[in-house]
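Asker: give the three-dimensional model of this entry:
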Amino acid sequence: MRTHIVYAHPHNGSLNAALRDEAVQTLEGLGHTVTVSDLYAMDFKAVADYDDFGPTENEHFMAAAGEAWDKGEIAEDIKAEQAKLLAANNVILQFPLWWFTVPAIMKGWMDRVFTNGFGYRPSRDWKRYGDGLLAGRRAMIVVTTGAADVHLSERGINGDINDLLFPIQHGVLFYTGMEVLPPVVVTGAGWQVEYPDMVKHLQGRLETLAETEPIAYRKQTEDYDEHKRLLPGRETEGTTGFALHIA
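Answerer: Numbers count the residues shown, from 1 in each chain. Okay, here's the model as predicted:
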């Protein structure tokens, strides 16, 4: 079993760094081969631009990206990250929740690594939402936040944590084909939860990676019409918003 961790936190003495090390130790103890992309330590370039491609006269960025993918002219650091994902059975994204999303360096990793040809294609026949190039892999988010549980509940002032993570879990991980497991959410980081309890919770989730039921996101090929609208009758009565897209 191969597990790849994409990690984003600038301080190597942080809570996140400690949890990352606990994750690596736990997974290796379970017999996993573990690789880590520590984006800050790598000084990973966070801006997708034309420097990511070989010479091109195509002024349309998406088309230029696709052209570079087809020719094998993607930047070497992108190729290396794509190879890590293709080699993995499990993919873990670990980050602190900053301004309701991932740190900029991880967003840049998404922008650059999930490029046209690898993460998506604009063509009509490209399969996505459960059927992308990374199908067969399981993905999970490990996220820390200073907000308390109640702040991240349905009626909490920050909104439900599952809604906040939906664009990443559904719009990035599931979009590219991966099955997405429920996230590991460390709330009240640094003040509400004792460290041993955090570690115990994380270890428990890592020990059951293979058995945990993924979030039942609806597949594009099964639950949507030709206009990519949810087919009538698929929703539970009264369901609205992001929850419509979970069976």
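Asker: top helix in this structure by residue count?
Answerer: helix 15-29 (DSSP state H).
Asker: spatially central residue for the chain, please.
Answerer: residue 173 (4.7 Å; CA atoms, centre = their mean).
Asker: quick one: that residue and residue 59, what's the gap?
Answerer: 31 Å (CB to CB, to the nearest Å). Where C-beta positions appear, they are placed from N, C-alpha and C, glycine not excepted.
Asker: what's the span of stretch 9-17, first residue to last?
Answerer: 7 Å (CA to CA, to the nearest Å).
Asker: quickly find the element holding the residue of the chain most remote from its centre.
Answerer: Distance from the C-alpha centroid of the chain, by CA atoms, centre = their mean, peaks at residue 57 (32.1 Å). Assessed by DSSP states H and E, residue 57 sits outside every helix and strand.
Asker: show me the contacts for it.
Answerer: Applying CB atoms under 8 Å, 6 or more residues apart in numbering to residue 57 gives no contacts.
Asker: next, it: phi, psi?
Answerer: phi -100, psi 0 (degrees, to the nearest 10).
Asker: what about it, distance to residue 51?
Answerer: 15 Å.
Asker: next one: residue 66
Answerer: 16 Å.
Asker: neighbour count: the two, which is higher?
Answerer: residue 66 (21 against 8; other CB atoms under 10 Å).
Asker: quick check: closest non-adjacent residue to that one.
Answerer: Excluding the flanking residues, the one nearest residue 66 by CB to CB, 6 or more residues apart in numbering is residue 116, at 3.9 Å.
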